[in-house]
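Participant: Build me a structure from this.
(chains A and B)
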Amino acid sequence: MSPPPFFIVGSARSGTTSIARILGAASNVYLLVEPMPNLNIETRLMMDGRLEDPVAVLRGTVIKRVETGHGPSRIYGEKNVTLGPFLKYLHDAVKCKIVFIHRDGRDVARSMIDWHTQKFGNIYRECGELPPLARPALESAAALPVHHDTSDYSRPRPPVGSALWHDWPHLSRFEMCSYYWSTINELFLDQIEQLPRESWTAIDYTNPSPEELLRVADFCGLRGLARQEVERMLGQRINSLEDRGVSSSSATLQPAWEAWDGGLRRNFDRLAAATMRRLGYYRGSPRDWAPPSYGKWWSRHDAGLEWYEWMYQSRRRMHEDFIAWVRALERAGQGIASLADFGCGLGVGYADAFRDRRYIGLDLSARNVEWCRHNRSNPLHRYACVDFVVDGIGETADVVSSSGTIDNAYDVDAFVQSMIRASSGWIYFTCYRGWFPDLREHRYSWDEKTTCFYNDISPRRIRSVLERAGCTEVDIRPMATGRSDVRYETRVIARVPVKPAHETGSIRAAAE
Amino acid sequence: MKPGVSVPRLSELLLRSTLLARLRYWAGRKRRSLLKAIDPDTPLLERSLIRTVRRKFPWLPGGGDFPACLAADAFDMDGYFAQLSETYRPHANPFHYYEQFVDVVESSPLTAIRPLFELFAPGAEQRRVMGIRHDIDADPVTAVRCARHLAARGICGSFYLLHSAPYYGHFAHNLFLRNPQLRGWVMGLVAAGCEIGVHNDALKVYLEWGKDGASALETEIAWLRMLGARVRGTVAHNSGPTYGAENFEIFSGRTLWARQLTDRRGRALPLDNLAEAKLGLAYEGTFAKRKHRFDRDAAERFFADREAASVRSEAWMRRYLLDNPALDWAIDYQFWLVGKDSWVAAGRFADEELFEWQVDLDRVRQLVLRLPAGSRTVFVVHPEYVRG
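Facilitator: Prediction:
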């Protein structure tokens, strides 16, 4: 018995064309990419609940193609991103296999924006945002009146009357694309989950490997694909902007998600986080915004004591300010029995300054923590290797501080929230990259070489996070550094809200 | 140069070409920075600028009966929209009303909604063919909102920008200054995928501003195209009685009857002058044509009675849309939104005649459902009526 026909489905800009071309190179396949009629209009009508007889539509189009193209010696395959609402009917009619291809929504949203601004100018044409379009995109949009633009019509819009429907005219194109990715993938997932498990497979195309492609080919019953050829075709970046003859300078492109600011991150998560979790791209923690290699540099490189001492000296004024602030609190009658330091490095400066009290040094680098354990023998001090943003520190301290570490964090707001959680009194942190009073959102910039972010922190946003967490006596200000490269750093102090009894006291108990 | 083509003839050809429009536009732009630095209403400097341009570009049209039009982007309009709100408050519907109207048109069965440039294209003989014409007399912001709403529904409306409107621009002597915000509105319309055209008011340019209306029209078409708009048609603004002629009569072959119209200084208006095809225009969107049984006396009387001309007069609207002594319509039906939930419906198909005055949207729905297959209908919406 010959294998059944198969359909490649997924959201636009997920790699469906790429995988179709690769599978199309098999020797026993007859594979069509978006053959006409492509159901652009019908898929929207179906999603809006306005298509009365989907089976009739399939019979007149897709099923007819299967009947013509599928035979004992060749397998019919079709790639179409519009089949989402029809999968169950399609499977019932032709007992086909489904290849569901998905890709990290952040990459898809970015790719869609580039597709819009550089090539076609027609993604969510109702969007009020008017970015500068590259000439080909402008010409393409102007040449395609919206009633002939079935591609844009096929994209889902929020159901009439829903909360998002009311907001829709005010959303940015980025938000609309995020909505698209989430809605379409939810639709595919809902549909394939109704099918027998053996009739579908999924492939993550975020970083596809030749082996995964060959697995899918095998699933479809395809023959004649060599690993080397698959690898070569993957390297061609089929249907990317470059592949479509667009050469754009990176300045005009949407940044990769690692460089999205806090606002883009929040907007994406608001619309797509649930789907990101459903597809396994998120695990439900702030670490979702950390690239896989985050922090590797610190574990691979041994900076050494000398470097940390130099670092301490280069920002000496900031460190002294912190120590003086702790002393002033004490003089004011507030006992500071314990401190936790997020990103302690080798404990330079603070291990000595706070030798008479509990000091918990926390660092991502196991090497640093090991060094501290061997070389810092104060019994009141403890060092731990944790990702303090997500893991917590297992106790609370009177003061939680951090000196120039938040600038390299993968999630600034989560970093602050983690400090608040770990503190029973105050938090104090400085941002070494400068003072950015005009920023509405934190500006993230990822560096793959040093495997960390370089963040410009928005004081406005920090204040909002602190106030929402119930912090009081919030003091955010520029601090003169006395240096010429960075004249001012950002210093943040806040008193954290009183915690329930069961969340505090452990450190005091331990110290006593 | 071909033998036999004289320099004046060549110059005339040049003047008629789009190249000229571009050069004019370019000349206008070159002056933009100067204009920004000075008060555009200062006549002395203005005259000096014009003289400079004349010296540098002696071949630009400037002599003759009407001075040519140059254009630049330098404009401001404080309080315009506040005044607009005030003026249209008694007549404006909430925007939701527009959404409901689109539902009415879209949900009627066997309907093909087309932009005006495709209204007569073949392929919909068994359907009710409908177009939604937006005459942007006053409110470009709501117009863009309408275009976006239609875009989400996959409907291509037709939008006509009124080049004589305060939101668009004004003349400072011979220099036409465009509102800087205009570009954004045009780009909004282009992005939304609607049809963009010019709401032709060339006669106002001649009669009220004393400038070359035909040149103004050409210039604005070229400018819109430069921004990416595919301008395929115009729609005449106002009606015959306003100026004693329809605006579309400046186009060759569209003059209703031979007559001489003059401006306040006695200069003859060049009706029957512009060739639409040469301007790349495929249609005139009122779809008016000279009446088959043309009664010149009646037409002259109708055009002379400016007092009576009002969209708020049932008698006049009936006369204009149904019993017009000068015009027939190539389309079968017209529905005009003229106020708060108030439409005028008029037209003829076969021997059936329709005229209903001040009908609400429910009635429009009923009428739309009764429109015969194969009929062509245009809905005329002025965005200021749905700006609430």
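Participant: Who are the contact partners of B:Trp209?
Facilitator: Residues near B:Trp209 by C-beta atoms under 8 Å, 6 or more residues apart in numbering or on different chains: B:164, B:171. Backbone N, C-alpha and C define where each C-beta goes, glycine included.
Participant: Look at it and give its secondary structure.
Facilitator: Recorded secondary structure, B:Trp209: coil (DSSP: H, G, I helix; E, B strand; the rest coil).
Participant: Could you count how many residues lie near residue 301?
Facilitator: In the absence of a named chain, chain A is used. Number of residues near A:His301 (other C-beta atoms under 10 Å in any protein chain shown) recorded here: 13.
Participant: my question was about chain B
Facilitator: Other residues lying near B:Arg301 total 12 when counted by other C-beta under 10 Å.
Participant: That one - that's part of a helix, no?
Facilitator: Yes: counting by three-state DSSP, B:Arg301 falls inside a helix.
Participant: for it, what are its contacts?
Facilitator: With C-beta under 8 Å, 6+ apart, B:Arg301 has these contacts: B:Pro325.
Participant: which residue packs closest to A:Pro159, ignoring adjacent ones?
Facilitator: What sits nearest to A:Pro159 in space, not counting adjacent residues and going by C-beta to C-beta, 6 or more residues apart in numbering or on different chains, is A:Trp165, at 6.2 Å.
Participant: Do you know the pLDDT at the one you found?
Facilitator: Note for A:Trp165: predicted pLDDT of 92.
Participant: Which helix or strand contains it?
Facilitator: helix A:163-167 (DSSP states H and E).
Participant: State the next helix or strand along the chain beyond that helix.
Facilitator: Next along the chain after helix A:163-167, taking DSSP H and E as the criterion, comes helix A:173-192.
Participant: That following helix and chain B, any residue contact?
Facilitator: No: applying C-beta under 8 Å from any C-beta of the partner chain, one finds helix A:173-192 separated from chain B by no less than 9.9 Å.
Participant: What count of nearby residues applies to the residue of the stretch 1-150 of chain A found nearest chain B?
Facilitator: Nearest residue of the stretch 1-150 of chain A to chain B (C-beta to the nearest C-beta) works out as A:Val146 at 3.0 Å. Residue neighbour count, defined by other C-beta under 10 Å, stands at 28 for A:Val146.
Participant: Skipping adjacent residues, who's closest to it in space?
Facilitator: Closest to A:Val146 by C-beta to C-beta, 6+ apart is B:Gly193, at 3.0 Å.
Participant: any idea how far that neighbour lies from B:Lys278?
Facilitator: Distance, B:Gly193 to B:Lys278, by C-beta to C-beta, to the nearest Å: 27 Å.
Participant: now swap in B:Leu271 and tell me
Facilitator: 17 Å.
Participant: Would you map the strands across the stretch 151-300 of chain A?
Facilitator: A:200-204 (DSSP state E, counting those that start in this stretch).
Participant: What residues does it have near chain B?
Facilitator: A:152-153, A:157, A:168-169.
Participant: From these, pick the one nearest chain B.
Facilitator: Nearest to chain B among these, counting by C-beta to the nearest C-beta, is A:Tyr153 at 3.9 Å.
Participant: my read: that closest one touches B:Ala151, true?
Facilitator: No: checked against C-beta atoms under 8 Å, the pair A:Tyr153 and B:Ala151 is beyond contact range at 9.1 Å.
Participant: any common contacting residues for these two?
Facilitator: A:Val146.
Participant: more neighbours, those two?
Facilitator: Between A:Tyr153 and B:Ala151, B:Ala151 has the larger neighbour count (other C-beta under 10 Å), namely 26 against 21.
Participant: Please tell me the pLDDT value assigned to the more buried one.
Facilitator: B:Ala151 is assigned 96 on the pLDDT scale.
Participant: Equivalent analysis for A:Ile19, please.
Facilitator: Per the predicted model, pLDDT is 92 at A:Ile19.
Participant: One more: B:Leu119?
Facilitator: 95.
Participant: for B:Arg47, same thing?
Facilitator: Reported pLDDT for B:Arg47: 53.
Participant: Would you mind naming what in the stretch 151-300 of chain B lies close to chain A?
Facilitator: Counting by C-beta under 8 Å from any C-beta, the residues of the stretch 151-300 of chain B near chain A are B:151-152, B:154-156, B:184, B:187-188, B:190-195, B:228-230.
Participant: Counting neighbours, what do you get for whichever residue of chain B sits closest to chain A?
Facilitator: Chain A sits closest to B:Gly193 of chain B, with a gap of 3.0 Å, by C-beta to the nearest C-beta. Applying other C-beta under 10 Å, we find 29 residues neighbouring B:Gly193.
Participant: Do you have the strands of chain A handy? List them.
Facilitator: Along chain A, the segments classed as strands by DSSP state E run A:6-10, A:29-33, A:75-79, A:97-102, A:200-204, A:338-342, A:358-363, A:381-385, A:397-403, A:423-431, A:446-447, A:452-453, A:472-480, A:488-495.
Participant: show me the contacts for B:Gly193.
Facilitator: A:122, A:125, A:141, A:144-147, A:149, A:152, B:147, B:151, B:156 are the contacts of B:Gly193 under C-beta under 8 Å, 6+ apart.
Participant: Need the phi and psi values for it.
Facilitator: phi 80, psi 20 (degrees, to the nearest 10).
Participant: Work out the gap between stretch A:285-296 and the centre of the chain.
Facilitator: Computed by C-alpha atoms, centre = their mean, to the nearest Å, the chain-centroid distance of stretch A:285-296 equals 9 Å.
Participant: any idea of the mean pLDDT for it?
Facilitator: Rounded mean pLDDT across stretch A:285-296 is 91.
Participant: Name the residues of that stretch that come out as buried.
Facilitator: Residues of stretch A:285-296 classed as buried: A:286-291, A:294-295 (neighbour count, 16 or more other C-beta atoms under 10 Å in any protein chain shown).
Participant: Now, these that are in helices?
Facilitator: Among those, DSSP state H puts none in helices.
Participant: on that earlier part again, make TSV from the strands of chain A and add mean neighbour count to it.
Facilitator: Shown next, in TSV, are the strands of chain A (neighbours: other C-beta atoms under 10 Å in any protein chain shown):
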stretch	mean neighbour count
strand A:6-10	27
strand A:29-33	20
strand A:75-79	24
strand A:97-102	24
strand A:200-204	20
strand A:338-342	26
strand A:358-363	24
strand A:381-385	20
strand A:397-403	26
strand A:423-431	24
strand A:446-447	16
strand A:452-453	24
strand A:472-480	13
strand A:488-495	22
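Participant: From the contacts of B:Gly193, pick the one nearest B:Lys204.
Facilitator: B:Ala147 (24.9 Å; C-beta to C-beta).
Participant: so how far is A:Gly77 from the spatially most central residue of chain B?
Facilitator: Compute the mean C-alpha point of chain B, and by C-alpha atoms, centre = their mean the closest residue is B:His199, 1.0 Å away. Using C-beta to C-beta, one obtains 51 Å as the distance from B:His199 to A:Gly77.
Participant: and what of B:Phe302?
Facilitator: Look at B:Phe302 and A:Gly77: by C-beta to C-beta, they are 67 Å apart.
Participant: ok, back up a step: any chance of the strands of chain A in TSV, with mean pLDDT too?
Facilitator: Listed next are the strands of chain A as TSV, based on pLDDT from 0 to 100:
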stretch	mean pLDDT
strand A:6-10	96
strand A:29-33	92
strand A:75-79	94
strand A:97-102	96
strand A:200-204	96
strand A:338-342	96
strand A:358-363	95
strand A:381-385	94
strand A:397-403	96
strand A:423-431	97
strand A:446-447	96
strand A:452-453	95
strand A:472-480	96
strand A:488-495	97
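Participant: May I see these arranged in CSV, with distance to B:Ala350 as well?
Facilitator: Listed next are the strands of chain A as CSV, based on distance: least, C-beta to C-beta, whole Å:
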stretch, distance to B:Ala350
strand A:6-10, 49
strand A:29-33, 46
strand A:75-79, 47
strand A:97-102, 53
strand A:200-204, 56
strand A:338-342, 83
strand A:358-363, 86
strand A:381-385, 87
strand A:397-403, 82
strand A:423-431, 78
strand A:446-447, 70
strand A:452-453, 72
strand A:472-480, 77
strand A:488-495, 78
